[in-house]
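Q: Build the 3D model from these lines:
(one chain, ligands or ions: 2)
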Amino acid sequence: MAPSTLPETSLDPTETSNRPKILIPEKVSPDGLALLSPYFEIHQPKNLSAEDLLAQIPTYQALIIRSETKVTASVLAAATKLKVVARAGVGVDNVDVDAATKNGIIVVNSPSGNIVAAAEHTIALLMAVARNVPAGDRSLRNGGWERSKLVGTEVGGKTLGIIGLGKVGLKVARMGVGLGMKVVALDPYASPDIAAAANVTLVGNLEDLLPRADFLTIHTPLIASTLDLISTKELATMKTTAKVLNVARGGVYNEQALFDALEAGIIAGAGLDVFTSEPPSPGSAAEALCRHPKVVATPHLGASTVEAQENVSLDVCAQVLSILNGGLPSSAVNAPLILPEEYRKLQPFVRLIEKMGSLYTQHYSSKPSSTIGKGVGGKKFELIYEGELASISNTRPLFAALVKGLTSAISDSGGRDVNIVNASLIAKEKGLIINETHTRESANLVYASLVTLRATSRPGEPGQVISGYVSGRGIYISRLDRFNTSFVPEGTLLVLHNYDEPGKIGGVGGILGRHGINIKFMSVAALDRGGRGASIGWPGSGFGASEAVSVEQSESEAENEALMILGVNGAVGKEVEVELREEKGILDVSVVRL
Ligand SMILES: NC(=O)c1ccc[n+]([C@@H]2O[C@H](COP(=O)([O-])OP(=O)(O)OC[C@H]3O[C@@H](n4cnc5c(N)ncnc54)[C@H](O)[C@@H]3O)[C@@H](O)[C@H]2O)c1
Ligand SMILES: O=C(O)[C@H](O)COP(=O)(O)O
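A: Numbers count the residues shown, from 1 in each chain. Ligands and ions are numbered 1, 2, ... in the order given. Presented below is the predicted three-dimensional model:
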């Protein structure tokens with residue numbers, strides 16, 4: 001289905017040099033591509049060989065495919081810039097999803113864009129095999145008029161057996177009921193309520209299904225448990241008049257066993273859209289089936305309708321646009337599904353938390369007076385969600401945003417290789433321990449949602465704290481260390497820790513002015529005197545409210561300290577930092593680029 005809203009983009013369509021590149025080696029509907037062409041260089045080679053794919057993939061950021069391109073572990077290992085493999089359809093059996101996960105590459109698909117097309121094609125094959133439509137057409141073209149030889153069977157009143165009552169299977173079931181068929185289905189994971197509402201009788205095993213079916217159709221993915229699901233033994237239990245259909249994947253019926261059963265009259269016919277090798281390799285059972293007189297075969301046309309191709313193209317291209325723009329996909333195969341509603345709610349927090357992480361690394365690593373050490377490695381981080389945000393259960397994107405932010409200033413890739421797929425792995429590699437805490441009822445919460453990042457290297461220490469909130473579409477930092485503040489974490493920031501006494505602003509302004517640095521905004525942050533810091537109690541961190549209060553009290557000696565946060569234009573060189581540090585009353589300086 002096409003997405004209801006398109007992702008926002010900060011990509012610049014006027015930026016024409018060095019555009020990220022997208023490779024599309026198969027036919028994908030232009031509807032979706034129109035979303036991408038303003039921002040990316042799109043290459044659509046015809047008949048790209050496996051060798052060419054391997055050779056060319058290193059330069060691409062996205063790969064959009066259908067069922068013909070084999071995205072192997074070698075291709076993915078060579079794909080050093082690739083962020084996303086987008087399958088314009090449902091099945092990802094031609095993609096090595098595990099290898100993609102290991103390489104931090106998101107695999108997305110369109111889970112429902114072509115289900116109507118697949119279900120309708122199943123019904124087309126059902127009617128074609130029931131009424132000998134292709135055989136009649138063939139005969140007539142060859143000058144024949146064979147009526148008695150091509151007598152068919154009605155489907156009304158007959159039993160349709162379905163294996164796999166998922167999206168396609170359920171649609172086929174409803175269509176079957178509409179044709180007056182009795183529908184019996186086997187799917188251990190199907191909802192009995194949904195099945196009952198669709199007039200489908202669920203059975204528990206193949207023995208209860210196969211002997212009853214006049215027509216059998218499979219709608220499962222091809223996985224270990226469905227490979228050769230129907231073979232010689234199973235076919236032998238079916239009616240000799242039964243006909244079988246496959247619009248799922250080649251391999252769910254054993255092709256040799258199916259051929260033998262048709263030859264021996266064990267069953268009466270088959271309608272096949274998919275094969276173990278596509279196109280069927282010469283001499284294979286698949287090829288023999290395609291030529292068999294009792295078979296109606298189509299060349300994997302299940303999803304080939306104008307409407308389905310528009311749907312899947314729009315669906316995956318919107319996800320590619322989002323991912324290449326630093327956002328989230330709506331249906332990632334190798335990451336938890338982000339529902340569009342959830343996505344909209346989380347998006348500003350994803351930006352906020354990434355900035356908080358980056359602010360943390362840059363601010364504290366440049367702080368010689370930092371009490372708990374520089375850097376992020378080996379630290380225990382706690383991400384505390386308070387207020388409305390605490391009710392979100394799928395916080396994987398927030399977790400990933402933190403890992404990305406924390407590592408952005410300390411990795412070659414600038415954190416660009418971190419995503420919801422590989423964030424846990426990267427955190428582990430970098431020795432980051434991150435816990436998440438949800439606190440629904442927070443005392444004195446002035447924001448609808450508040451996020452706090454707290455870092456410690458030993459239990460019992462006060463730790464380093466950054467809090468932030470979202471207002472409208474804007475993101476703000478509300479606390480940095482022991483200071484309450486409010487500033488937008490964007491651009492180049494100077495964070496000055498100083499004694500709260502007159503004359504500081506003039507002195508700092510003078511230094512910056514001499515170096516030609518413009519001040520865009522300034523925020524003076526006062527010491528938190530037992531407000532939020534004392535009341536939060538750091539839930540789940542092992543630090544109780546009383547401990548937090550005592551931490552505040554022990555630090556109250558520094559009562560006349562403040563933070564000055566300056567948003568500046570222009571490069572802030574080392575010499576400026578040194579001059580600022582030497583200014584009277586300045587305790588500490590950090591330059592942060594967000
Ligand atoms: N021919 C085409 O062009 C075409 C088009 C679309 C989809 N497909 C294929 O159709 C198949 C179904 O797609 P979908 O979107 O309905 O998938 P789906 O995930 O919605 O449904 C699959 C169903 O199979 C069930 N299942 C899994 N293992 C099973 C088992 N061992 N026994 C019984 N049931 C089992 C699952 O519980 C699920 O309900 C996929 O293989 C997909 O690739 C083909
Ligand atoms: O899994 C699917 O979506 C279908 O098999 C469609 O495959 P196609 O995009 O190659 O037509």
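
Q: Excluding chain neighbours, give the residue nearest to the closest residue to ligand 1 within the stretch 151-300 of the chain in space.
A: At 1.7 Å from ligand 1, residue 166 is the closest residue in the stretch 151-300 of the chain, using C-beta to the nearest ligand atom. C-beta: built from backbone N, CA, C; applies to glycine. Excluding the flanking residues, the one nearest residue 166 by C-beta to C-beta, 6 or more residues apart in numbering is residue 219, at 6.2 Å.

Q: Can you tell me how far the one you found is from ligand 2?
A: Applying C-beta to the nearest ligand atom, to the nearest Å, the value for residue 219 to ligand 2 is 11 Å.

Q: what's the closest residue to ligand 2 within the stretch 301-450 of the chain in contact with, if anything?
A: Taking C-beta to the nearest ligand atom as the measure, the stretch 301-450 of the chain has residue 303 as its residue closest to ligand 2, at 3.5 Å. Neighbour list for residue 303: 89, 90, 114, 117, 118, 309, 312 [criterion: C-beta atoms under 8 Å, 6 or more residues apart in numbering].

Q: Helices along the stretch 301-450 of the chain, start to end?
A: For the stretch 301-450 of the chain, the helices defined by DSSP state H, counting those that start in this stretch occupy 306-324, 340-365, 396-408, 423-429.

Q: Quick check: which of the ones you listed is buried the most?
A: Mean neighbour count (mean count of other C-beta atoms under 10 Å) peaks for helix 396-408 among the helices of the stretch 301-450 of the chain, with a mean of 25.

Q: Identify all contacting residues around it.
A: Contacts to helix 396-408, defined as C-beta under 8 Å, 6+ apart, come from residues 328, 335-336, 338, 346, 349-351, 353-361, 376, 381, 383, 385, 414-415, 418-420, 423-424, 426-427, 430, 432, 434, 436, 451, 453.

Q: Now that helix - C-alpha only, CSV.
A: C-alpha atoms of helix 396-408 as CSV (Å, rounded to 0.1, in the frame of the first residue of the first chain):
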residue,chain,number,x,y,z
ARG,A,396,14.7,0.8,19.1
PRO,A,397,15.0,4.0,17.0
LEU,A,398,15.7,6.1,20.1
PHE,A,399,18.4,3.6,21.3
ALA,A,400,19.9,3.7,17.8
ALA,A,401,19.8,7.5,17.8
LEU,A,402,21.8,7.5,21.0
VAL,A,403,24.4,5.1,19.8
LYS,A,404,24.7,7.2,16.6
GLY,A,405,25.0,10.4,18.5
LEU,A,406,27.5,9.1,21.0
THR,A,407,29.8,7.7,18.3
SER,A,408,29.3,10.3,15.7
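
Q: Run the chain-centre distance for it.
A: Relative to the centre of its chain, helix 396-408 is centred 15 Å away, using C-alpha atoms, centre = their mean, to the nearest Å.

Q: which ones are touching the residue in the stretch 101-250 of the chain that ligand 2 sits nearest to?
A: Here the residue of the stretch 101-250 of the chain nearest ligand 2 is residue 114; by C-beta to the nearest ligand atom that distance is 5.2 Å. With contact taken as C-beta under 8 Å, 6+ apart, residue 114 is in contact with 89, 90, 302, 303, 305, 308, 309, 311, 312.

Q: which among those are in contact with ligand 1?
A: Residues of the contacts of residue 114 in contact with ligand 1 (C-beta under 6 Å from any ligand atom): 90, 302, 303.

Q: Spell out, range by range, the helices that occur in the stretch 1-150 of the chain.
A: Ranges of helices in the stretch 1-150 of the chain, per DSSP H, counting those that start in this stretch, are 30-36, 50-56, 73-78, 97-102, 115-131, 133-141.

Q: among the ones you listed, where is the model least confident on average?
A: Among these, helix 97-102 carries the lowest mean pLDDT, a mean of 83.

Q: May I have stretch 95-106 as CSV, with CA atoms only?
A: What follows is stretch 95-106, C-alpha atoms only, in CSV (Å, rounded to 0.1, in the frame of the first residue of the first chain):
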residue,chain,number,x,y,z
VAL,A,95,18.2,-11.3,-0.2
ASP,A,96,20.7,-12.7,2.4
VAL,A,97,19.0,-10.8,5.2
ASP,A,98,21.4,-12.1,7.9
ALA,A,99,24.4,-10.8,5.9
ALA,A,100,22.6,-7.5,5.5
THR,A,101,22.0,-7.3,9.2
LYS,A,102,25.7,-8.0,9.9
ASN,A,103,26.7,-5.3,7.6
GLY,A,104,24.2,-2.8,9.1
ILE,A,105,22.2,-2.6,5.9
ILE,A,106,18.4,-2.2,6.3
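
Q: Report how many residues lie close to the closest residue to residue 281 other than its chain neighbours.
A: Closest residue to residue 281 apart from its sequence neighbours, by C-beta to C-beta, 6+ apart: residue 287 at 6.8 Å. By other C-beta atoms under 10 Å, 18 other residues sit near residue 287.

Q: So for the helix or strand containing residue 287, mean pLDDT?
A: Secondary structure assignment for residue 287, by DSSP states H and E: helix 285-291. Averaged across helix 285-291, pLDDT comes to 98.

Q: Direction included, what does the helix or strand that comes right after it pair against?
A: Elements were assigned by DSSP H and E; along the chain past helix 285-291, the next helix or strand is strand 295-297. Using DSSP bridges, strand 295-297 pairs in its sheet with strand 269-272 (parallel).
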